[in-house]
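> pasting the sequence and the predicted coordinates here, then a few questions.
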Amino acid sequence: MGVIYYGSSAMPIRIADRALAHLKIVIATKLRRSESFTVSWQHPEDSPQGRTTIWLHPAIPLRFVFDEPEPPALSREWIEELAASANSSGGIQLMPEMFHDDRDGHVTE
């Protein structure tokens, strides 16, 4: 499982490495262009019920940490889907399967 550390929050956001690699590409592209946007998700089953939305802005510190030393294979289609949603008024909507460990085989495109 990879981790995003965002802003001053000590609470990490855990996302499967492969999903995080795709998300990182889209986030870095948007922030490099000084574009702000939201990322939302429903809490995984092992967390309290609810949902979270974060506002991503170039001035807020952001760090990606991956468990796996080698980057995973990337899907152009998945990156394009995430980029399109980042450009929408609803922002990126993460799917529940993105919060499962890559080694479990649950992460899909």
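Looks like it arrived, so ask away. Numbering: from 1, shown residues only.

> can you pull up the most central residue in this protein?
The chain has Leu23 as the residue nearest its centroid, 4.4 Å off, counting by Cα atoms, centre = their mean.

> that one: what's it in contact with?
Contacts for Leu23 (Cβ atoms under 8 Å, 6 or more residues apart in numbering) come out as Ile4, Ile15, Val39, Leu82, Ile92, Leu94, Met98. The C-beta positions use only the backbone N, C-alpha and C, and glycine is treated the same way.

> need these in JSON lines with secondary structure, can you?
Converted to JSON lines, the contacts of Leu23 look like this (DSSP: H, G, I helix; E, B strand; the rest coil):
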{"residue": "Ile4", "secondary structure": "strand"}
{"residue": "Ile15", "secondary structure": "strand"}
{"residue": "Val39", "secondary structure": "strand"}
{"residue": "Leu82", "secondary structure": "helix"}
{"residue": "Ile92", "secondary structure": "strand"}
{"residue": "Leu94", "secondary structure": "coil"}
{"residue": "Met98", "secondary structure": "helix"}
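
> that older thread, distance check, the residue nearest to the centre of the chain against Phe66.
Going from Leu23 to Phe66 by Cβ to Cβ, to the nearest Å gives 11 Å.

> quick check: longest helix of the chain.
helix 17-32 (DSSP state H).

> farthest pair in the contacts of Leu23?
Ile4 and Leu82 (14.0 Å; Cβ to Cβ).

> neighbour count for the two, which is higher?
Taking other Cβ atoms under 10 Å, Ile4 and Leu82 do not tie; Leu82 has more neighbours (23 against 20).

> do you know the pLDDT at the more buried one?
Note on Leu82: pLDDT of 95.
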